[in-house]
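> coords please:
(one chain, ligands or ions: 1)
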Amino acid sequence: MSPTVLPKTLLVATTNPGKLKEYQEMFADLGVTWKSLADVGLDGHEVAETGETFRDNALLKAVACAHQSGLPTLADDSGLVVDAIHGAPGVYSARYAPTAPERNTKLLLALEGVPPEQRSARFVCVIACVFPHGVTILSEGNLEGQIGFAPRGSNGFGYDPVVVLADGRTVAELPPAEKNQISHRGQALIKLRPLLECLFR
Ligand code: ITT
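Now for the predicted structure:
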């Protein structure tokens, strides 16, 4: 039996251009061609994130897009888990309120009166890498912090201004390269690297 030769083309199933850029930068040395949903005519075919976990949603997106495109596909689901409010907003992070500033205001209000030692939280990212013929790889990364008392910083996006790290800076106060090194997505990508190197080098 002859060995299967994988095409050196990977689809990133995201509607977020920032995520595609992160994947391309992180794995630039692999010599893989990265395709966006628009490149394969799948933009506008958004997959509903109906799962109860980050893992379920990452798999939903990656399986659907691998099936439709015929390409090995990476998808991730990510969000913020806040312990004092039972893990909310969690998988609903993108839908907690209409805009990022409104989501941050809602979160700060939900934690009104909660003391610093009970404001623990983490960003979570699960990446699913699905091959059309059935192999699936999952990778998870976390970034631990605490919810602050007011937004601070102008880098990053989403909940970054309200997540305070151990050194007192919010994630929105980190230079982008530093965030990419320690972030939940960065950590999940680092763990995925050895497998992608085996498959595509
Ligand atoms: P795709 O589903 O198309 O990939 P998305 O931006 O909707 O893109 P998610 O479904 O993974 O991404 O939703 C993640 C939400 O969690 C996002 O809208 C932010 O509110 C929040 N989030 C995730 N990573 C974050 C980060 O690094 N900094 C701040 N907020 C983040």
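> Within range of the ligand, give me the residues from the protein.
14-16, 19, 49, 77-80, 93-94, 123, 156-160, 183 (CB under 6 Å from any ligand atom). Glycine gets a C-beta too; all of them are placed from N, C-alpha and C.
> Inside helices: which ones of those residues?
Counting by DSSP state H, the part of the residues of the chain next to the ligand found in helices is residue 19.
> Please indicate which of the residues of the chain next to the ligand are buried?
For the residues of the chain next to the ligand, a burial check counting by 16 or more other CB atoms under 10 Å picks out 14, 19, 49, 77-80, 93, 123, 156, 158-160, 183.
> least confident pick among the residues you listed?
Within these, pLDDT reaches its minimum at residue 19, with 79.
> which residues sit in contact with that one?
For residue 19, the contact set (CB atoms under 8 Å, 6 or more residues apart in numbering) comprises 12, 76, 185.
> hmm, back to that, closest one of the buried ones among the residues of the chain next to the ligand to residue 132?
residue 14 (18.1 Å; CB to CB).
> Contact partners for whatever residue of the chain ends up closest to the ligand?
In the chain, the residue found nearest to the ligand is residue 158; the distance is 2.4 Å by CB to the nearest ligand atom. Counting by CB under 8 Å, 6+ apart, residue 158 touches 80, 93, 100, 103.
> please redo it, this time with the cut-off set to 10 Å
Counting by CB atoms under 10 Å, 6 or more residues apart in numbering, residue 158 touches 78-80, 93-94, 96, 100, 103-104, 123, 171-172.
> Where does the prediction get shaky in this protein?
Applying pLDDT under 70 to the chain flags residues 1-7.
> tell me the strands in it, going along the chain?
Remark: strands assigned in the chain by DSSP state E are 9-12, 33-35, 73-82, 120-130, 136-147, 163-164.
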